[in-house]
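> here is my input, please return the structure:
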Amino acid sequence: MTIGGISVHCVDVGHGRVATGLRVRVARLDGTVLCEGRVGAKGLLEHPALMGDGIIPGGYEVIFDVGAFYRAQGTALPSPAFLEEVPYRFHIADVAQHYHLPFKFTAWGFSLFRGGA
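Here you go, the predicted model:
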């Protein structure tokens, strides 16, 4: 059976590894911040607010702090970087479904989609 909630998985495809340390913020479009944290060793933003009653029907936004991530890795970037913060807006209609959000990125581009979970 599918479990509701949101999972965020981040991969730095430019370096071929999960994006450990990438700062991510998840909020509702009404401005309510659900969580803010860093991606762990498994490439996931793990936070209890992303499961259960905190997820309601409506609009959401995930912000990925790509510029700061690459600076922390020692990657030379222009100022400002081509990608600083990457926003991703989506909507949830059925809270019983799980919304898996894979974020694949480099300093110059990204892919975001609803994946299978």
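
> ok, how many other residues are close to the spatially closest residue to residue 63 that is not a sequence neighbour?
Distances taken as C-beta to C-beta, 6 or more residues apart in numbering place residue 25 nearest to residue 63, at 4.5 Å, with adjacent residues excluded. All C-beta spots, glycine's among them, are computed from the backbone N, C-alpha and C. Using other C-beta atoms under 10 Å, residue 25 has 17 neighbouring residues.

> try residue 60
The burial count for residue 60: 21, using other C-beta under 10 Å.

> so it sits in a strand?
Yes - according to DSSP: H, G, I helix; E, B strand; the rest coil, residue 60 belongs to a strand.

> any idea how far residue 20 is from it?
As defined by C-beta to C-beta, to the nearest Å, residue 60 lies at a distance of 23 Å from residue 20.

> again with residue 113
21 Å.

> when the two are compared, which one has more neighbours?
Just comparing residue 113 and residue 20: by other C-beta under 10 Å the higher neighbour count belongs to residue 20, 15 against 11.

> my read is that the more buried one contacts residue 43, right?
Yes - counting by C-beta atoms under 8 Å, residue 43 is a contact partner of residue 20 at 7.2 Å.

> now residue 29. Nearest residue, chain neighbours left out?
The spatially closest residue to residue 29, leaving aside those adjacent along the chain, is residue 59, at 3.5 Å (C-beta to C-beta, 6+ apart).
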